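Participant: Predicted model follows, preceded by the sequence.
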Amino acid sequence: MEIELSINGGDHTVDVDEDTPLLWVLRDLLGLTGTKFGCGMALCGACTVHVEGQPVRSCVTPAGALGVAKITTIEAIGRTPIGRQLQRAWTSLEVPQCGYCQSGQIMAAAALLAIRPRPTDAEIDQAMSGNVCRCGTYARIKAAIHQAARELAGNKT
C-alpha cells in the first residue's frame, strides 16, 4: 500500500504495509540511518523521532497510522535552534562514548527543551528516563541539556 509521509520537511511516498514500523521506513526505504534500532519494543529510546514535536518510538509506530503528521528525525533536528544547541553541547561536553543511543537521547532532549526551556534535574530525569545509555553517560547528558538550555536562554536576551 502506498503511504505518504512528511519527513524532515519533505514529502515521501512509500509502498509498505500499514503496520510497517516507521523505523524501517526511515532506515531501509529512505536511507535515514541516524535513527537506530535498539530493542524493537519501545524500551530503550534509540529509535526516538518527533511526530508533531512529540518524542515517539519509531520501532513500534506503524507508518500507516501517521497520516499527514510532520515527522522529524535526527538528520533534521540540527536545523532547529534547540537541536543545533543540543548538538553543540553534546560535542562540547563529549557526551557520547559508543554513540549508539545518542540520536534518541538528543531527540528526547529536544522535545523536553521545547516545552521546558530551563528544566530542573528532576524534569530532565523524568523526560530522559526512557532513553537507555549502556555506556552510562547520563551525567554528561544532563550537563549537556543544562548547557544547551543556558545557551538558548542567552540567545533570547
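Facilitator: On my side now, so go ahead. Numbering: from 1, shown residues only.

Participant: Test my guess that Cys47 contacts Leu23.
Facilitator: Yes - between Cys47 and Leu23 there is a contact at 4.9 Å, judged by C-beta atoms under 8 Å. From N, CA and C alone the C-beta is placed, and that goes for glycine too.

Participant: Mutual contacts of those two, please.
Facilitator: Thr35, Phe37, Ser58, Cys59 (C-beta atoms under 8 Å, 6 or more residues apart in numbering).

Participant: and the first one, what does it touch?
Facilitator: Meaning Thr35. Leu23, Leu26, Arg27, Ala46, Cys47, Thr48, Val49, Ser58, Thr73, Ile74, Ser103, Gly104.

Participant: Please report the distance of it from Leu152.
Facilitator: 24 Å (C-beta to C-beta, to the nearest Å).

Participant: Then Val49?
Facilitator: 21 Å.

Participant: Between the two, which has more neighbouring residues?
Facilitator: Val49 (30 against 18; other C-beta atoms under 10 Å).

Participant: Secondary structure of that one: a helix, I assume?
Facilitator: No - counting by DSSP: H, G, I helix; E, B strand; the rest coil, Val49 is not part of a helix but strand.

Participant: and it, what does it touch?
Facilitator: Leu22, Leu26, Thr35, Pro55, Val56, Ser58, Ile71, Thr72, Thr73, Ile74, Met107.

Participant: Just send these back as TSV, with secondary structure too.
Facilitator: Below are those laid out as TSV (three-state DSSP):
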residue	secondary structure
Leu22	helix
Leu26	helix
Thr35	coil
Pro55	strand
Val56	strand
Ser58	coil
Ile71	strand
Thr72	strand
Thr73	coil
Ile74	helix
Met107	helix
